[in-house]
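Student: Mind looking at a prediction? Sequence and model below.
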Amino acid sequence: MTITVINHTNWLGNGSILTIKLNGKKIVKINPEQRLRINLPQEPATLSVSQLGSKSNHLEVQDGEIIEITIKKVTSKIFFSSLLTFNILILLTNMFFPTISSKMATISILGVIYISLLFQVKWYQLKKV
C-alpha cells in the first residue's frame, strides 16, 4: 500500500525542505519538485506537512493516490502584505524612538509578533490529483 507525494511549491516554497507526517508522526523529508512514494502502514491514513512551524491541512489518504503539495494562493498575499506592514512599522519606529536601545527593543518585539503571526497561517495545501 503506497501513495505518491509530489512537492509543487512555487518560488515562495522553493527554499523549503518539508517534513511529511503520516498519522501525526514525522516519516520523511521532501525537497522542492521532488516526487516520493510512501508506504502506508494502515489504510486510511492522515497525511500532513510542516516546515519550521508552518503547517498544512490534514488529508486522509488511501492506497494508490497521488498527493500534490502546493502553497495556498492566499498565503503569498498574506506574506507580502505582512512584510510590507512590518517594514512600515520599522520605519515608524526609527522615526519616533530616540535611542538605539528603544529602537532595538521595539523592533525585536515587532519581529517576534510578526513571526508568530506567520506561523498561525496554514502555508501548504495538500490535495489529491
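Tutor: On my side now, so go ahead. Numbering: from 1, shown residues only.
Student: Show me what counts as buried in stretch 84-101.
Tutor: 86, 89-90, 93 (16 or more other Cβ atoms under 10 Å). C-beta coordinates here come from the backbone N, C-alpha and C atoms, glycine included.
Student: Which of the residues you listed fall within helices?
Tutor: Counting by DSSP state H, the part of those found in helices is 86, 89-90, 93.
Student: In the protein, what residue spans correspond to helices?
Tutor: 73-96, 100-118.
Student: rewinding a little: now the buried residues of stretch 84-101 in CSV, with distance to Leu52 and pLDDT?
Tutor: CSV is the format used below for the buried residues of stretch 84-101 (distance: Cβ to Cβ, whole Å; pLDDT from 0 to 100):
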residue, distance to Leu52, pLDDT
Phe86, 18, 81
Leu89, 23, 83
Ile90, 22, 83
Thr93, 26, 83
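Student: tell me which of these is nearest to Lys73?
Tutor: Using Cβ to Cβ, Phe86 is the member of these that lies nearest Lys73, at 21.0 Å.
Student: how about low-confidence regions in this structure?
Tutor: Judged by pLDDT under 70, the chain has its weakly predicted residues at 11-14.
Student: repeat that for 90
Tutor: 1, 8-17, 32-33, 41-44, 51-55, 71-123 (pLDDT under 90).
Student: residues in contact with the most centrally placed residue in it?
Tutor: In the chain, the C-alpha nearest the mean C-alpha coordinate belongs to Ser54, at 3.4 Å (Cα atoms, centre = their mean). The contact partners of Ser54, taken as Cβ atoms under 8 Å, 6 or more residues apart in numbering, are 118-119, 121-124.
Student: Run through the bridge partners of Thr4.
Tutor: Arg37, Ile66 (DSSP bridges).
Student: need the contact list for it.
Tutor: Contacts of Thr4 by Cβ under 8 Å, 6+ apart are 35-38, 65-67.
Student: List the contacts of the nearest residue to Gly24 once chain neighbours are set aside.
Tutor: Closest residue to Gly24 apart from its sequence neighbours, by Cβ to Cβ, 6 or more residues apart in numbering: Thr46 at 7.2 Å. Thr46 is in contact with 22-24, 58-61, counting by Cβ under 8 Å, 6+ apart.
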